[in-house]
Structure formats: C-alpha cells, structure tokens
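Enquirer: From the sequence below, what's the structure:
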Amino acid sequence: MDHSSKNTVSKVAAVTFGFWIIKVLCTTLGETGGDAVTMTWNLGYLVGTAIFLTLLVVLIVVQTKAKTYHPWLYWATIIASTTAGTTMADFFDRSLGIGYTGGSLILITCVLATLALWKWACGTISVNTINTSKAETFYWVAITFSQTLGTALGDWMADTNDFGYLKASLVFGAGLLAIAFMYYKTNISRVWLFWAAFILTRPLGATLGDFIDKPIAKGGLNFSRPMTSLILLVAVGLLIALLPQRAGKHSPERIALQ
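Expert: Alright, predicted model coming up:
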C-alpha cells in the first residue's frame, strides 16, 4: 500500500447501497442460523455460542492478518459475528436470566464504551480508516457487541413490549429510514450515522428472522429455520458475487465531515 497516496484504502467493505442489502440479509441469516443450531437441532445456547464464537475468533484472526480487503472473507466474518451474537444474547438473556431489558442495557453500554475507547485510541471510528491491527480489532469488537445487542434489542421490542415480530421489524425499519433522511438532509456526523444504522440493522434482521421462523401461534410464519438459513446464505453469496465489492477509501479532506 502506498501510504503517500491521497486516499487510504481500508481493509473492510465500502459503505454502499449494496453493503446495506447484504448486511440486512446477513443479520437475518444470523438469527435463523443461530436458532437452527440452538433450538431446531437442540444443541442449546451454550454449545451454539461455543461453536459460533470459535468460528468468529478464527475468522477475525485470518481477517486481521490479511493484507488487503477480501470480500468473501469479510462477509464470512460478518455472518459469524451475527450468528455468534444471536446465540450469545440468547444465552445471557435466557439461560443466565439477565432478561431482554437488562441484556440490552448492558450491551448498548459495551458498544458505546468500545466506540469511545476506539475514538480515544485511534482518533477516529471511521470504517474507511481501518488499515491497522489496532483499528481493526476495535472494529470487530464493536461489531460483535452490536450484533449481540441486536438480538437482545429485537427480543425486547417484540416480546417485552408486545409489539410482535412484524411490528418490531417495522419500527426498526422506520428508524433506518430516519437515519437515511438525516444522512441526506443534515450535517450530522456520517461516522455516527453509520454506526447508528449498523446497530439498527441487527434488530431489524433479528425480528425479520423471528417473523419468518417462529410458530404461527407466536406471530411467525413457521418456516423451517435450516431451509430459511440456506436460502439466505445462497442469496448473500449471489449478491457478493454480482454486486461490486471494494474496500472503503478515506480522503483526508473529508475528516471535517466525520
């Protein structure tokens, strides 16, 4: 990499419209895939967490050691983070009895604390500046916490507040539309808007996943979790192959906007 160039190439995906489509599908896959292992196959939350967390750690190590952005590796790591987030949230909220409200509060604190520490250590939390091991470590820690938060937050909205899965997904979808409006119509930091949107896509995917695979009596469509997960995985793979994939770039003159 030429460090004297005007633009610095990041090791993670550029934030495009296609990025958000794939991200929502990955978060939905994380919910159905995690539930397929822990519930449909009856392995339980602890075993499911051990499986997906181990896979996530391995992929993060490979990702951080890579010299450049590799789309398939990056999105595989995202999928691992969202499935691990599903099983971890369910383990802490249900098995340990923390509850959806308590779990959501703890996890949102972890996300904000990670972002604040990252900002203090690196000077920016822009995903377009991730080209060092330190920044990438913070990035994946923040993502893992946000993916876990999404499951707890989705369950909190759908179950604790009795919104149901479909209404809850509409609420989170409306939140994303509000963020998009602020992106195009205001001067609010693009970096913070990105992280707000990134966090909200997870409970959106979680509630959509639950709506698809939960029993009809509980407000779902009762589709097969393994089959739904396979369809979503194929859809993600096709989009990665068909949509342009590139690393983010950071222009020094745009720092003031971040």
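Enquirer: Contacts for the helix or strand hosting residue 230, please.
Expert: Residue 230 belongs to helix 225-242 when elements are defined using DSSP states H and E. Applying CB atoms under 8 Å, 6 or more residues apart in numbering, the contact partners of helix 225-242 are 18, 21-22, 25-26, 28-29, 32-33, 35-36, 39-40, 71-72, 75, 79, 209, 212-213. For the C-beta atoms, the positions are set from N, CA and C on the backbone; glycine is no exception.
Enquirer: cool, stretch 161-169 as well?
Expert: Counting by CB under 8 Å, 6+ apart, residues outside stretch 161-169 touching it are 154, 157-158, 171, 203-204, 207-208, 210-211, 214, 219-220.
Enquirer: Let me have those in TSV, extended by pLDDT, neighbour count and secondary structure.
Expert: Formatted as TSV, these follow (pLDDT from 0 to 100; neighbours: other CB atoms under 10 Å; DSSP: H, G, I helix; E, B strand; the rest coil):
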residue	pLDDT	neighbour count	secondary structure
154	92	31	helix
157	91	23	helix
158	90	26	helix
171	95	18	helix
203	93	28	helix
204	95	26	helix
207	94	32	helix
208	95	23	helix
210	93	27	helix
211	94	22	helix
214	91	20	coil
219	87	17	coil
220	92	17	coil
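Enquirer: picking up where we left off before, please pick the buried ones from the contacts of helix 225-242.
Expert: By neighbour count, with 16 or more other CB atoms under 10 Å, those hold 18, 22, 25-26, 28-29, 32-33, 35-36, 71, 75, 79, 209, 212-213 as buried.
Enquirer: ok, which pair from these is furthest apart?
Expert: Using CB to CB, these span at most 27.5 Å, a distance reached by 71 and 213.
Enquirer: one step back: just the buried residues of the helix holding residue 230, please?
Expert: 225-226, 228-229, 231-233, 235-236, 239-240.
Enquirer: and after that helix, which helix or strand comes next?
Expert: Criterion used, DSSP H and E; the element after helix 225-242 is strand 247-250.
Enquirer: mind checking the SS state of residue 84?
Expert: Following DSSP: H, G, I helix; E, B strand; the rest coil, residue 84 is assigned to helix.
Enquirer: cool, and residue 100?
Expert: Three-state call for residue 100 (three-state DSSP): helix.
Enquirer: How about residue 11?
Expert: Reduced to three states by three-state DSSP, residue 11 is strand.
Enquirer: Could I get the pLDDT score of it?
Expert: For residue 11, the pLDDT comes out at 87.
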